[in-house]
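Engineer: my questions are about this predicted structure, shown below with the sequence.
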Amino acid sequence: IRAEIDRIDAELVALLASRVSFIDRAAQIKAEIGMPARVTDRVEEVVANVRRLAAEHDLPPDMIEKLWRKLIEWSIEREESQLGKD
């Protein structure tokens, strides 16, 4: 069981690395068009999507939302480090 958990953790980290590459690309595009890092409507869309997915996988949506909001905030901070906060 521990080996499988470790394997899944490795997959999750690889997926997060892939997600970060898209976050960085989004920051480049936002810089080109003068868009801010934080787009509230998009944040809420992402949260709604993961809540739905959590429910489909019998996971507690509130817990997944809390986790994803941390991931989203980290992603926004990463974009802001490239774009600036304004």
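Structural biologist: Sure, I can see it.
Engineer: where is the longest helix in the chain?
Structural biologist: Longest helix in the chain by number of residues, with DSSP state H as the criterion: helix 2-33.
Engineer: buried ones in that helix?
Structural biologist: For helix 2-33, burial by neighbour count (16 or more other C-beta atoms under 10 Å) applies to 23, 26-27, 30. Yep, even glycine has a C-beta here, placed from its N, CA and C like the rest.
Engineer: against residue 66, how distant is residue 32?
Structural biologist: When distance is defined by C-beta to C-beta, to the nearest Å, residue 32 is 33 Å away from residue 66.
Engineer: related to what we said a few turns ago, which helices and strands does the longest helix of the chain pack with?
Structural biologist: Helix 2-33 sits against helix 61-83, with contacts defined as 3 or more C-beta pairs under 8 Å, 6 or more residues apart in numbering; DSSP states H and E.
Engineer: export the helix it packs on to PDB, keeping only CA atoms.
Structural biologist: Extracted as PDB, the C-alpha positions of helix 61-83 are listed here (Å, rounded to 0.1, in the frame of the first residue of the first chain):
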ATOM      1  CA  PRO A  61     -16.400  18.800  -2.300                       C
ATOM      2  CA  ASP A  62     -15.700  21.200   0.600                       C
ATOM      3  CA  MET A  63     -12.300  19.600   1.300                       C
ATOM      4  CA  ILE A  64     -11.400  19.500  -2.400                       C
ATOM      5  CA  GLU A  65     -12.400  23.200  -2.700                       C
ATOM      6  CA  LYS A  66     -10.200  24.100   0.200                       C
ATOM      7  CA  LEU A  67      -7.200  22.300  -1.300                       C
ATOM      8  CA  TRP A  68      -7.800  23.800  -4.800                       C
ATOM      9  CA  ARG A  69      -8.200  27.300  -3.500                       C
ATOM     10  CA  LYS A  70      -4.700  27.000  -2.000                       C
ATOM     11  CA  LEU A  71      -3.400  25.700  -5.400                       C
ATOM     12  CA  ILE A  72      -5.200  28.500  -7.200                       C
ATOM     13  CA  GLU A  73      -3.700  31.100  -4.800                       C
ATOM     14  CA  TRP A  74      -0.200  29.600  -5.300                       C
ATOM     15  CA  SER A  75      -0.800  29.700  -9.100                       C
ATOM     16  CA  ILE A  76      -1.900  33.400  -8.900                       C
ATOM     17  CA  GLU A  77       1.200  34.300  -6.800                       C
ATOM     18  CA  ARG A  78       3.400  32.600  -9.400                       C
ATOM     19  CA  GLU A  79       1.700  34.600 -12.200                       C
ATOM     20  CA  GLU A  80       2.000  37.800 -10.200                       C
ATOM     21  CA  SER A  81       5.800  37.100  -9.800                       C
ATOM     22  CA  GLN A  82       6.000  37.300 -13.600                       C
ATOM     23  CA  LEU A  83       3.300  40.000 -14.200                       C
END
